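> Pasting a predicted model and its sequence here:
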Amino acid sequence: MTAKLIDGKAFAAHLRARIGTEVAAMKAQGITPGLAVVLVGEDPASQVYVRSKGRMTREVGMNSLEHRLPADTPQADLLALIDRLNADPAVNGILVQLPLPRHMDEAAVINAIDPAKDVDGFHILNVGRLATGQKAMVPCTPLGCLMLLRAHLGDLSGKNALVIGRSNIVGKPMAQLLLRDSATVTVAHSRTANLPALCRQADIVVAAVGRARFVQGDWIKPGAVVIDVGINRTDDGLVGDVDFDSAAPVAGAITPVPGGVGPMTIACLLANTLTATARANGLPDPKGLTP
Ligand SMILES: Nc1nc(=O)c2c([nH]1)NC[C@@H]1CN(c3ccc(C(=O)N[C@@H](CCC(=O)O)C(=O)O)cc3)C=[N+]21
């Protein structure tokens, strides 16, 4: 067997095209969604992401507002900027690029964002809403993974899903989304005993550990769907958390890196911005962009 490639890049392009159509319809009603991205410091990888977010935001017809602050900006200045963006009716979504410089309290900064504009879904109120099944802003990477999984499997109900990684950004919200779709969810991490054996029972594997080529082909149950969230820069380029060459012949379907989950993350950021704009204007949620 050789795995079907899950083309996240193509899926994301379709998603952005649909979002573009919805944006055009909103603009006809006098509403232009606006996304503010705040970058503190000069991390080169962050600058690349922010640039491509800005380009794709404009491509779907939204306003993109970028705020760049020096690495030594006092936290109070960042909080003051967030307050201004919270109060600005032209801003529907706010993303503060992570990681922040070490002198800043990440939780304090995230929780200063108006939860209705929190397009990352990191605010404590959105975390709680997702965990309790209420209408929330959902983190972009897990939302993108969920869309890919549903597209390839249909109903996730009763599937054994293994999430490898317990971060607030990917692992935990991914587990919540899978649970909401009635999968049987296991969350593994660095202290998990006998991970290979656990993994061999999974119909769905979501790898989000941040270790290059960590998940081996002989851990994969034949036919399983493998979603690779990893973005690891190595001497031979960008690689995922899954050892693609050994996993692909065993899996039923697998996402590549690059061209898998990464582009879905940005498309879901735009989806969340559209959803936030609709909600701010008393319009129904756009179809198929929320879990
Ligand atoms: N507040 C916040 N929200 C984020 O969503 C956020 C963040 N901070 N900090 C950094 C991470 C990382 N991230 C990526 C988005 C797209 C790709 C992506 O499109 N990757 C391409 C390749 C990119 C390349 O070649 O470097 C791909 O996988 O095909 C990767 C990584 C969003 N992040």
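Now that the structure is in, tell me what you want to look at.

> What residue in this protein comes nearest to the ligand?
Distances from the chain to the ligand, computed as C-beta to the nearest ligand atom, single out Gly262 as the nearest residue at 2.1 Å. Backbone N, C-alpha and C define where each C-beta goes, glycine included.

> Quick one: mean pLDDT over the helix or strand harbouring that residue.
Under the criterion DSSP states H and E, the helix or strand holding Gly262 is helix 261-280. In this model, helix 261-280 carries a mean pLDDT of 98.

> list the helices and strands it packs on?
Contact here means 3 or more C-beta pairs under 8 Å, 6 or more residues apart in numbering; DSSP states H and E; on that basis helix 261-280 packs against helix 8-28, strand 34-40, helix 44-59, strand 93-96, helix 140-153.

> Show residues contacting the longest one.
With C-beta atoms under 8 Å, 6 or more residues apart in numbering as the test, helix 8-28 has contacts from 32-33, 56, 59-62, 144, 147-148, 151, 255-256, 258-264, 266-268, 270-271, 274, 277-278, 281, 283, 286, 288-289.

> distance of the residue nearest to Ala251 when sequence neighbours are not counted from Ala13?
If you skip the residues right next to it in sequence, Ala251 has Ala3 as its closest partner in space, 4.0 Å away by C-beta to C-beta, 6 or more residues apart in numbering. Distance of Ala3 to Ala13, computed by C-beta to C-beta, to the nearest Å: 21 Å.

> Could you check which of these two is surrounded by more residues?
Using other C-beta atoms under 10 Å, the more surrounded residue of Ala3 and Ala13 is Ala3, with 20 against 13.

> what pLDDT does that one get?
With respect to pLDDT, Ala3 has a value of 78.

> and what of Gly252?
Among the per-residue scores, Gly252 holds a pLDDT of 97.

> could you list every residue that touches it?
Per C-beta under 8 Å, 6+ apart, neighbours of Gly252: 1, 3-4, 222-225.

> Can you confirm whether stretch 78-92 lies near the ligand?
No. Looking at stretch 78-92 against the ligand by C-beta under 6 Å from any ligand atom, there are no contacts, and the closest approach is 12.6 Å.

> coming back round to it: and the angle from the helix holding Gly262 to strand 34-40?
130 degrees (axes from the mean of the first three to the mean of the last three C-alpha atoms, to 10 degrees).

> before we move on, back to that, identify, out of the helices and strands packed on helix 261-280, the most deeply packed stretch.
The densest packing among those, expressed as mean neighbour count by mean count of other C-beta atoms under 10 Å, is seen in strand 93-96 with a mean of 26.

> So for it, mean pLDDT?
With pLDDT averaged residue by residue, strand 93-96 scores 98.

> Who are the contact partners of the residue nearest to the spatial centre of the chain?
With distances taken as C-alpha atoms, centre = their mean, the chain has Thr141 as the residue nearest its mean C-alpha position (1.6 Å). The contact partners of Thr141, by C-beta under 8 Å, 6+ apart, come to 169-170, 174, 208, 229, 261, 264-265, 268.

> Can you add neighbour count and give these back as CSV?
As requested, the contacts of Thr141 are exported to CSV (neighbours: other C-beta atoms under 10 Å):
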residue, neighbour count
Ile169, 18
Val170, 26
Met174, 29
Ala208, 24
Val229, 31
Val261, 30
Met264, 28
Thr265, 22
Cys268, 28
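
> between the residues you listed, which is closest to Gly158?
Met174 (17.7 Å; C-beta to C-beta).

> Surely the closest one and Val205 touch.
No. Under the criterion of C-beta atoms under 8 Å, Met174 is not in contact with Val205, lying 11.2 Å apart.

> Between these two, which contacts overlap?
Common neighbours of Met174 and Val205 are not found (criterion: C-beta under 8 Å, 6+ apart).

> So which residues on the stretch 101-250 of the chain come close to the ligand?
Counting by C-beta under 6 Å from any ligand atom, the residues of the stretch 101-250 of the chain lying close to the ligand are 120, 140, 231, 238.

> what sits against the second one?
Okay, so that is Cys140. Cys140 sits in contact with 119-121, 264-266, 268-269, 271-272, where contact means C-beta under 8 Å, 6+ apart.

> Mind doing that once more with 10 Å?
With C-beta atoms under 10 Å, 6 or more residues apart in numbering as the criterion, the residues that contact Cys140 are 95, 119-122, 169-170, 173, 261, 264-272.

> For Leu95, see how far away it is.
Looking at Cys140 against Leu95, where the rule is C-beta to C-beta, the gap reads 9 Å.

> So for these two, which residues contact both of them?
Jointly contacting Cys140 and Leu95 under the rule C-beta under 10 Å, 6+ apart are 119-120, 122, 269, 272.
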